[in-house]
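> okay, here's the prediction I keep looking at, along with the sequence it came from:
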Amino acid sequence: MKTLIASTLAATVLLTGVASAAPAPRLSSEAYILLPNADYANLTDTQVHQINAVVHSGGDSNDLRNGIRAVLK
């Protein structure tokens, strides 16, 4: 029983370390091309993921620009 508890605790510590060491998401370079004058500073990780999803959604340029603008508001 002690071995099970110890191994569970060790696994939890290792997985927590891996999760916290994950790099921040990067904004797709296509977003900068679609809206070069937009303010991309101080985006949350969620906003970066949303913008990347919009950029890779396959819509036309106007749809992509409008989608990025909606996330940035």
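Here it is on my side, so go on. Just so it is clear, the model here is predicted, and its values are computed rather than measured.
> which residue is the nearest non-sequential neighbour of Asp63?
The shortest distance from Asp63 to any non-neighbouring residue, by Cβ to Cβ, 6 or more residues apart in numbering, is to Ser57 (7.7 Å). Where you see a C-beta, it was placed from the backbone N, CA and C, and this is true even at glycine.
> in contact with that neighbour, which residues?
By Cβ atoms under 8 Å, 6 or more residues apart in numbering, Ser57 lies in contact with 63-64, 67.
> show me which of those residues are buried.
64, 67 (16 or more other Cβ atoms under 10 Å).
> from the contacts of Ser57, which land in helices?
63-64, 67 (DSSP state H).
> and stretch 51-67, end to end?
End-to-end distance for stretch 51-67, by Cα to Cα, to the nearest Å: 7 Å.
> now render the contacts of Ser57 as a markdown table, adding pLDDT.
What follows is the contacts of Ser57, written out as a markdown table (pLDDT from 0 to 100):
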| residue | pLDDT |
| --- | --- |
| Asp63 | 92 |
| Leu64 | 94 |
| Gly67 | 94 |
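> nearest to Pro36 among the contacts of Ser57?
For the contacts of Ser57, the minimum distance to Pro36 (Cβ to Cβ) is 13.1 Å, reached by Leu64.
> need the nearest residue in space to the closest one, chain neighbours excluded.
Per Cβ to Cβ, 6+ apart, closest to Leu64 is Leu34, 5.4 Å.
> after the worst-scoring helix or strand of the chain on mean pLDDT comes which helix or strand?
Lowest by mean pLDDT, DSSP states H and E among the helices and strands of the chain is helix 2-20, with a mean of 59. Following helix 2-20 in sequence order, the next helix or strand is helix 29-34 (DSSP states H and E).
> what's the very next helix or strand once past that following helix packed up against?
With elements assigned by DSSP H and E, the helix or strand that comes after helix 29-34 is helix 45-55. Contact analysis of helix 45-55 by 3 or more Cβ pairs under 8 Å, 6 or more residues apart in numbering; DSSP states H and E lists helix 29-34, helix 61-72 as its packing neighbours.
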